[in-house]
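# the following block contains a protein sequence and its predicted model.
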Amino acid sequence: MIQGMVQAPVSARPWLSMYPPGVPAEIDTTSQRTLIDLLRTSTEHCASRPAIRCFGKSITYAELGESADAIAAWLIAHGFAKGDRIAIMMPNVPAYPATIYGVLLAGCVVVNVNPLYTPRELTAQINDSGARALFVLENFAHTVSSAFADLALDRIVIAGPGDGLGLKGRIINLASRHIKKAVPTYSLPDAKTSRFETVLRQGRSLPKATVSVGPQDLAFLQYTGGTTGVAKAAMLTHANVVANVAQCQAWFGASRADNVERVMVTALPLYHIFALTCCYFFFMKIGGCCLLIPNPRDADGFVKILKSNRFTHFSGVNTLFNLLNNHPRIAEVDFSQLDFVIAGGMAVQAPVAEKWKTITGKSIVEGYGLSETSPVVCVNVPHVDWTGTIGFPLPSTDVAVRDDEGRDVLPGEPGELCARGPQVMAGYWKRPDETARATTSDGYFRTGDVAVFEADGQVRIVDRMKDMILVSGFNVYPNEVEEILVGHPGVLECAVVGTRCEETGEMVVAHVVLKDKSVGIDTLRAYARSQLTGYKVPRRIVFHEVLPKTNVGKVLRRALRDESPRV
């Protein structure tokens, strides 16, 4: 974690008095110190239980462990060593969970990549991380092909959507390749490219990995951004993620010893830190099963999966809940075994929470976190009505609300939310200056969000200090979008801001000054879409003769936000 952290005394954490019965003030991670410990323990005690379910077929803990061992052995046999970065570019398909663990077992570091990234975005992340290998779903291999000349990759592993599911998986792969445009044409050098199933077959004949991995070794480079829009990676250690899993387990009280099969609907992508920790690793810890949803945007297909599967837990963001709330067949889904529903990534809107409760009978438990905190900092109490707050700090977590001078403010007064605990990152990858800016002198991480302490110790987010835009739980950094738009020959200057949106929480709005008046909105949006993943593309483009500026020439984003249309 960030250096200089000293745990505050219990007396300085008044929220502890509001903890539910049985929730400890501190967590204990001595029994499992790394994510490898977590995997081995679950594989031993839950071998025959389903760990993953996707496309109507389950993968047991034993099978998941065997696949992970094979991937690790293959990586080592091909010259990858402890500390090497290995990128994964997949949606929620069966190959993804096994690859995550295989990389970790080899002592390597996982670099999660959004599979919808453009070649430009992929190049930036791969080259910044120094990733030597990339595991990618074949549906997105064309992006790798387009960027390949700029990527210093030693190996590329191509996976099919059904890989890891045996005969049924091969049928799924064949069907996928016959769907028009599902697998665009790509060309990659044979000498550097392997198929995922070949990796598994070869790895099973190799000796198991015996790499020594410790709590402070890096597990993930989890990419986020900053107010400058420069991509940077939070360095998450094994200890960071293990601690956050233990904190969540202490809060929600789940135990591996229970005989009830717990199934988490995992629609949020595993490359997002929320799903990675709160769905995958948390459910691995308690011996549960992740019901993977490869494409939650397909609402009809999503509801069909929910109708045909038993599930006990659900995770999502406001956009996802709203999508399901308004689906015409959602009433046909059986929610009777649902234990609790967890939300994060973006604020849940009151009408969405109320309608969800009416449909399912369960309230949404809202939490708060960031990539830099593995991610959970605060969460509401399970099995109570939705509060509109982010709840209470987790065990072993200190939270402070501070003014511009770094002084704690009184309850009810707004200030910057700062957090410290074992889940806080080790720092930003290769960016000590950014790490220093984000860290207070007493070891707190500065979140950039404005919050207040409620009278009962709950925390409420009231604003954001950063220019960052939050679209359906994903960060969009204005400078990145601006840099793309001003690259168009018809654009003189532009400024990008966010504004409220009923559907996605916020949306991207571009305010543009043209030098070629013939350029239209559709042209600019298509240009942006060629270089930015979908959620970053401006949903609204507003043309101006001039942009409002300060007397030193700085664009007045606040003035533009005030005039941006709301949806």
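Ah, there it is.

# now do the helices in the stretch 351-500 of the chain.
Remark: helices assigned in the stretch 351-500 of the chain by DSSP state H, counting those that start in this stretch are 432-437, 478-485.

# ignore the last one, the stretch 101-250 of the chain
Going by DSSP H, counting those that start in this stretch, the stretch 101-250 of the chain shows helices at 119-129, 141-147, 166-178, 196-204, 238-252.

# run the chain-centre distance for the fourth one.
It stands for helix 196-204. Centroid separation for helix 196-204 versus its chain: 28 Å, with CA atoms, centre = their mean, to the nearest Å.

# with the first one instead?
Taking the mean of its C-alpha atoms, helix 119-129 sits 18 Å from the chain's own mean (CA atoms, centre = their mean).

# one step back: and the helices of the stretch 101-250 of the chain: which comes nearest Arg33?
helix 238-252 (6.6 Å; CB to CB). For every residue, glycine as well, the C-beta is placed using N, CA and C.

# which strands and helices sit next to that closest one?
Here helix 238-252 touches helix 35-45, strand 218-224, helix 282-285, strand 376-379, going by 3 or more CB pairs under 8 Å, 6 or more residues apart in numbering; DSSP states H and E.

# re the thing from before, between the helices of the stretch 351-500 of the chain, which one is closest to Glu121.
Across the helices of the stretch 351-500 of the chain, closest to Glu121 is helix 478-485 (CB to CB), at 8.8 Å.

# residues contacting that closest one, please?
For helix 478-485, the external contacting residues (CB atoms under 8 Å, 6 or more residues apart in numbering) are 225, 228-231, 467-469, 491, 494-498, 508, 510, 512, 524, 527-528, 531-532, 536, 538, 557.

# what mean pLDDT does that helix have?
Averaging pLDDT along helix 478-485 gives 84.

# once you drop chain neighbours, what's closest to Glu138?
Distances taken as CB to CB, 6 or more residues apart in numbering put Ile158 closest to Glu138, at 5.0 Å, once the chain neighbours are dropped.

# how long is stretch 147-165 end to end?
The first and final residues of stretch 147-165 sit 30 Å from each other (CA to CA, to the nearest Å).

# which positions in it come out as buried?
147-148, 151, 153, 155-165 (16 or more other CB atoms under 10 Å).

# what about it, average pLDDT?
Averaging pLDDT along stretch 147-165 yields 97.

# just the element for Tyr96, please.
helix 95-105 (DSSP states H and E).

# how close does Leu200 sit to Val379?
Note on Leu200: its distance to Val379, by CB to CB, to the nearest Å, is 37 Å.

# over to Thr319?
To Val379, Thr319 is 20 Å away according to CB to CB.

# again with Val263
Note on Val263: its distance to Val379, by CB to CB, is 20 Å.

# who's more crowded, the two?
Taking neighbours as other CB atoms under 10 Å, Val263 and Val379 compare with Val379 leading, 24 against 21.

# which residues sit in contact with that one?
The contact partners of Val379, taken as CB under 8 Å, 6+ apart, are 248, 251, 342, 365-368, 390-392, 394.

# leaving out the residues flanking it, which one is nearest to Gly361?
Using CB to CB, 6+ apart, the nearest residue to Gly361 is Phe335, at 6.3 Å.

# same question for Ser255.
Ile286 (6.6 Å).

# okay, now that neighbour: neighbour count?
20.

# likewise for Ala72?
26.

# now do the SS call for it.
helix (DSSP: H, G, I helix; E, B strand; the rest coil).

# my read: it touches Gly203, true?
Yes - look at Ala72 against Gly203 with CB atoms under 8 Å: they come within range, at 7.3 Å.

# joint contacts of the two?
Common contacts of Ala72 and Gly203, defined by CB under 8 Å, 6+ apart, comprise Gly102.

# list the contacts of the spatially closest residue to Glu26 that is not a sequence neighbour.
Take Glu26 and drop its neighbours on the chain: the residue closest to it by CB to CB, 6+ apart is Ser396, 5.0 Å away. If you count contacts by CB under 8 Å, 6+ apart, Ser396 has them with 7, 25-27, 243, 247, 421-422.

# gap between Ser396 and Val260?
27 Å.

# how about Glu483?
For Glu483 relative to Val260 (CB to CB), the value is 51 Å.

# which one of those two is surrounded by more residues?
Glu483 (14 against 11).

# where does the prediction get shaky in the stretch 201-350 of the chain?
Residue ranges of the stretch 201-350 of the chain with pLDDT under 70: 225-230, 256-257.

# quick one, strands of it?
Ranges of strands within the stretch 201-350 of the chain are 218-224, 232-237, 263-266, 289-292, 313-316, 340-343, based on DSSP state E, counting those that start in this stretch.

# nearest to Glu66, of those?
With distances scored as CB to CB, the stretch of the strands of the stretch 201-350 of the chain nearest to Glu66 is strand 289-292 (17.1 Å).

# mind listing what's buried in that closest one?
Result for strand 289-292 [16+ other CB under 10 Å]: buried residues 289-292.

# so can I have CSV of these showing distance to Leu221?
Shown next, in CSV, are the buried residues of strand 289-292 (distance: CB to CB, whole Å):
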residue, distance to Leu221
Cys289, 28
Cys290, 22
Leu291, 27
Leu292, 23
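
# return the member of those residues nearest to Leu39.
Nearest member of the buried residues of strand 289-292 to Leu39, counting by CB to CB, is Cys290, at 13.8 Å.

# ok, the closest one touching Arg49?
No - using CB under 8 Å, Cys290 is not in contact with Arg49, being 11.8 Å away.

# doesn't Val110 make contact with Ile100?
Yes - taking contacts as CB under 8 Å, Ile100 lies within contact range of Val110: 5.8 Å.

# need the overlap of contacts for the two.
Ile88.

# got a list of what the spatially most central residue of the chain touches?
Centroid check for the chain by CA atoms, centre = their mean gives His272 as the closest residue, at 1.4 Å. Listed by CB under 8 Å, 6+ apart, the contact partners of His272 are 112, 345, 473-474.

# just Asp408 next, same as before
By CB under 8 Å, 6+ apart, the contact list for Asp408 reads 400-402, 415.

# repeat the analysis, applying 10 Å as the threshold.
By CB atoms under 10 Å, 6 or more residues apart in numbering, the contact set of Asp408 is 12, 400-402, 415, 418, 453.

# tell me the domain ranges of the protein?
32-433, 469-563 (automatic domain parsing).

# so which of those comes closest to Ile461?
Nearest to Ile461, of all these, is domain 32-433, at 5.8 Å by CB to CB.

# flag the least confident of the contacts of His272.
When the contacts of His272 are sorted by pLDDT, the bottom entry is Gly345 at 83.

# circling back: and the contacts of Asp408, which are buried?
Buried subset of those (neighbour count, 16+ other CB under 10 Å): 400-402, 415, 418, 453.
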